[in-house]
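> Prediction below, plus the sequence it came from.
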Amino acid sequence: MISDKEGETNMSSPSKTAPHKNKHGVSYAKFFGVDLSPDNVAVAMVYFVQGVLGLARLAVSFYMKDDLHLDPAETAVISGFSALPWLIKPVYGFISDSVPLFGYRRRSYLILSGLLGALSWSLMATVVDDKFSVAFCILLGSLSVAFSDVVVDSMVVERARGESQSMSGSLQSLCWGSSAFGGIVSSYFSGSLVDAYGVRFVFSITALLPLMTSAVALLVNEQPMLGVAKGSNFPLVDHNILESWKQSAIQLWGAVKHPNVFFPTLFIFLWQATPHSESAMFYFTTNKLHFTPEFLGRVKLVTSVASLLGVGLYNGFLKNVPLRKIFFVTTVFGSAIGMTQVILVTGLNQKFGISDEWFAIGDSLIITVLGQASFMPVLVLAARLCPEGVEATLFATLMSISNAGSVLGGLMGAGLTQLLGVTRDSFDNLAFLIILCNLSSLLPLPLLGLLPQDRLDAKPEESEDIEMKSN
């Protein structure tokens, strides 16, 4: 990875942690080649919080399964519902850019996002006791992370503007590394905490984490906007703002409807919108194979590291492969490797002397590496499709469309799970469900002609954005 190499170079340099005077004459220590100014510390901490919030993911799954006694299909629907805030990320960008809150466009929204996240997990830890309130609280938490993600992305863009390629890459390395580190930390503790203290305790701990976002928002060096701090704090009806939103929407639609953008975007959506059986497999591994939360936490740790290996695999061997070829190869191999879950479901692995635990770890490792490597071209393609002038907004829009396809795939998977009668106690048709879901992932392949034929020689600045977004 470009930024990793730059990070290693900077880390081996004698000036890695030496104080460095910035353009304002203030001395800061450096890490990954980036000044550890209050602004940059705030940005890194927000990304770290986004990664470490995965602490509650296993707890939510076990709570819906064991406390609410939901079936796999219901769990899949709630998981899909919680992803809805990620489908309208450009709207958050419009709001943050155009509607200062208490005079600030960044700081206030980060504080609000942190408080919203803390509220959602506090409710999960105390009063939530049915599937509808769970769905609502998870939705609030997802909204908190999605909004803060847009705000902090805009801060990174602002800081990278006018800097050298090396400095921009170092900043992206700091952000991406902070989020990845948070994800690995949360994976390590997620299962053991559920085992030792229960899901409500994990929700309580998770409720404290978004407050870190609110706290570090105070470090953001942002000047209040004149005429706003002393006047109305919510200029939602300002004619200029509405006109700006209208023009931005028109410009965005003009870019999306262009054939060179629309058809590849359609492929990305369809490629993501294939059903999967993750919820059913979770119920099978916990109810049938009796995997403990602590063991599943270790599996999550392995998959977190495997996702980094997948990014490395792409950057090392696949980034110069023609676009259509890489989608074809990764989709076919992904479908074939996904079929190996049938071996675990039918117990064939034990006939070869491989325990369920070791097979699950190895299977998850391979599937995650290939899955991450196959998703990287989506990010590259999205970055390359963005014309000059609407890069950030269109990139967010394309990723929202990709997320929408993933949500649709999850809902279709829930429908198939229900149709085939796979429940919390019945797994007779689970093998058939896995085969059906993996075969369906091959359906978009005849549409590869919608993609451009040239190679993925991404520009340096695209590679930097891609590395951060890959997390």
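Nice, thanks for sending it over. This one's a predicted model, so the numbers in the text were calculated from it and none came from an experiment.

> helix/strand/coil for Gly114?
Recorded secondary structure, Gly114: helix (DSSP: H, G, I helix; E, B strand; the rest coil).

> go on, the one 4 residues further on?
The three-state label for Ala118, taken from three-state DSSP, comes out as helix.

> show me the residues around the residue nearest to it when sequence neighbours are not counted that make contact.
Spatial nearest neighbour of Ala118, chain neighbours left out: Pro210 (4.6 Å); criterion: Cβ to Cβ, 6 or more residues apart in numbering. In this view, the C-beta of every residue, glycine as well, is placed from N, C-alpha and C. Listed by Cβ atoms under 8 Å, 6 or more residues apart in numbering, the contact set of Pro210 reads Val49, Leu53, Ser113, Gly114, Leu115, Leu116, Gly117, Ala118, Trp121, Ser144.

> where along the protein do the strands fall?
Applying DSSP state E to the chain gives strands spanning 20-21, 27-28, 30-31, 34-35.

> Leu448 is in contact with Phe263, correct?
No. Here Phe263 does not reach Leu448: they are 11.0 Å apart, not a contact under Cβ atoms under 8 Å.

> just checking, Ile337 touches Thr368?
No. Contact between Ile337 and Thr368 fails when scored by Cβ under 8 Å: they sit 10.4 Å apart.

> So for those two, which residue has more residues nearby?
Thr368 (21 against 16; other Cβ atoms under 10 Å).

> now the more buried one: how far from Ile361?
Using Cβ to Cβ, to the nearest Å, one gets 11 Å for the distance from Thr368 to Ile361.

> hey, what's in contact with both of the two?
Counting by Cβ under 8 Å, 6+ apart, the shared contacts of Thr368 and Ile361 are Val302.

> before we move on, the earlier item: which of the contacts of Pro210 are buried, as a PyMOL select command?
The PyMOL selection below is limited to those of those classed as buried (16 or more other Cβ atoms under 10 Å):
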select buried, resi 49+53+113+114+116+117+118+121+144
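
> closest to Gln453 among the contacts of Pro210?
Taking Cβ to Cβ as the measure, Gln453 lies nearest Leu53 of the contacts of Pro210, at 39.9 Å.

> show me what contacts Leu110?
By Cβ under 8 Å, 6+ apart, the contact set of Leu110 is Ala42, Val46, Ser148, Val151, Val152, Thr213, Ser214, Val216, Ala217, Val220.

> Relative to Met212, how far out is the closest residue to the fifth one other than its chain neighbours?
Excluding the flanking residues, the one nearest Val152 by Cβ to Cβ, 6+ apart is Val46, at 4.5 Å. The span separating Val46 from Met212 equals 8 Å under the rule Cβ to Cβ.

> Those two - which one has more neighbours?
Neighbour comparison, Val46 and Met212: the larger count goes to Val46, with 29 against 17 (by other Cβ under 10 Å).

> So that one is in contact with Leu219, correct?
No. Applying Cβ under 8 Å as the test, Val46 and Leu219 come out as separate, 10.3 Å apart.

> tally of neighbours for Ala404?
A count of neighbours around Ala404, defined by other Cβ under 10 Å, yields 18.

> got a list of what the spatially closest residue to it that is not a sequence neighbour touches?
Leaving aside its sequence neighbours, Ala404 sits nearest to Leu87 (Cβ to Cβ, 6+ apart; 5.1 Å). Contact partners of Leu87, counting by Cβ under 8 Å, 6+ apart, are Ser400, Asn403, Ala404, Val407.

> In PyMOL, select just the buried ones from these.
The buried residues among these can be selected in PyMOL (16+ other Cβ under 10 Å) with this line:
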select buried, resi 400+403+404+407
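
> Looking at the contacts of Leu87, spot the one nearest Thr303.
Among the contacts of Leu87, Asn403 lies closest to Thr303 (Cβ to Cβ), at 19.5 Å.

> what's near enough to touch the closest one?
Applying Cβ under 8 Å, 6+ apart, we find Asn403 in contact with Ala83, Trp86, Leu87, Gln272.

> and the second one, how many neighbours does it have?
With neighbours defined by other Cβ under 10 Å, the count for Trp86 comes to 20.

> Which residues are in contact with it?
Ser142, Ala146, Ser400, Asn403.

> can you tell me which two in these are farthest apart?
Greatest spatial distance in the contacts of Trp86: Ser142 and Ser400, 13.1 Å, computed using Cβ to Cβ.

> And Leu450, how far from Gly254?
Taken as Cβ to Cβ, the span from Leu450 to Gly254 is 20 Å.

> cool, Ile401 as well?
With distances taken as Cβ to Cβ, Ile401 is found 16 Å from Gly254.

> Would you mind telling me which of these two has the busier surroundings?
More crowded of Ile401 and Gly254, by other Cβ under 10 Å: Ile401, with 18 against 12.
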